[in-house]
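Trainee: Okay, sequence plus prediction incoming.
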Amino acid sequence: MVLPGMLGIGVITGKEHKWMAGVRFETTAWSQYENDAQSENTDLLNSWTLSIGGEITPDHISYNSYAKKMSYRLGAFYGTDTREDPRNEQLKRYGLTAGLGFPLFLPNRKLSYLNVAM
């Protein structure tokens with residue numbers, strides 16, 4: 001079995017406890033994939049994905065608003081799939097993502113988050 005090589009690079013910037021924004025590029029060499037246990041030949045294409053996203057936390061030390069302490073996230077991605085359509089064109093992948101971070105207050109005044117995404 002030969003697994004594909006993958007390379008990813010990204011950068012993130014922001015202001016602590018306020019906001020963050022990032023971008024990431026990833027490419028995978030699926031054409032190198034081999035599986036001797038598979039009886040039929042699956043010719044996979046190399047793929048890539050470009051992702052961007054951000055997060056804001058309105059006021060992480062707010063005393064009177066739980067919603068201001070929450071983290072709000074939004075992102076998007078676009079790239080290619082490993083398969084072709086019937087016209088021999090490589091399929092595309094794209095989408096939007098969203099998420100929320102609910103602050104949880106643990107013993108000894110420690111803070112953690114329950115993260116929910118879709």
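Mentor: Done, it's in.
Trainee: now what about stretch 74-81, what contacts it?
Mentor: 26, 45-54, 90-99 (CB atoms under 8 Å, 6 or more residues apart in numbering). From N, CA and C alone the C-beta is placed, and that goes for glycine too.
Trainee: Tell me the buried residues in that stretch?
Mentor: 75, 77, 79-80 (16 or more other CB atoms under 10 Å).
Trainee: Quick check, H60 in contact with W19.
Mentor: No - contact between H60 and W19 fails when scored by CB atoms under 8 Å: they sit 11.0 Å apart.
Trainee: Please compute how far whichever helix or strand G75 is part of lies from its chain's middle.
Mentor: Counting by DSSP states H and E, the element that carries G75 is strand 71-84. Chain-centre distance of strand 71-84: 7 Å, with CA atoms, centre = their mean, to the nearest Å.
Trainee: How about stretch 57-75?
Mentor: On CA atoms, centre = their mean, the centre of stretch 57-75 falls 21 Å from that of its chain.
Trainee: Report the buried residues of it.
Mentor: By neighbour count on 16+ other CB under 10 Å, the buried set for stretch 57-75 is 57, 69-71, 73, 75.
Trainee: Adding distance to N115 and pLDDT as columns, could you present those in a markdown table?
Mentor: Formatted as a markdown table, the buried residues of stretch 57-75 follow (distance: CB to CB, whole Å; pLDDT from 0 to 100):
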| residue | distance to N115 | pLDDT |
| --- | --- | --- |
| T57 | 13 | 96 |
| K69 | 14 | 93 |
| M70 | 11 | 96 |
| S71 | 8 | 96 |
| R73 | 8 | 98 |
| G75 | 13 | 98 |
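Trainee: Tell me the one of these nearest W30?
Mentor: G75 (23.4 Å; CB to CB).
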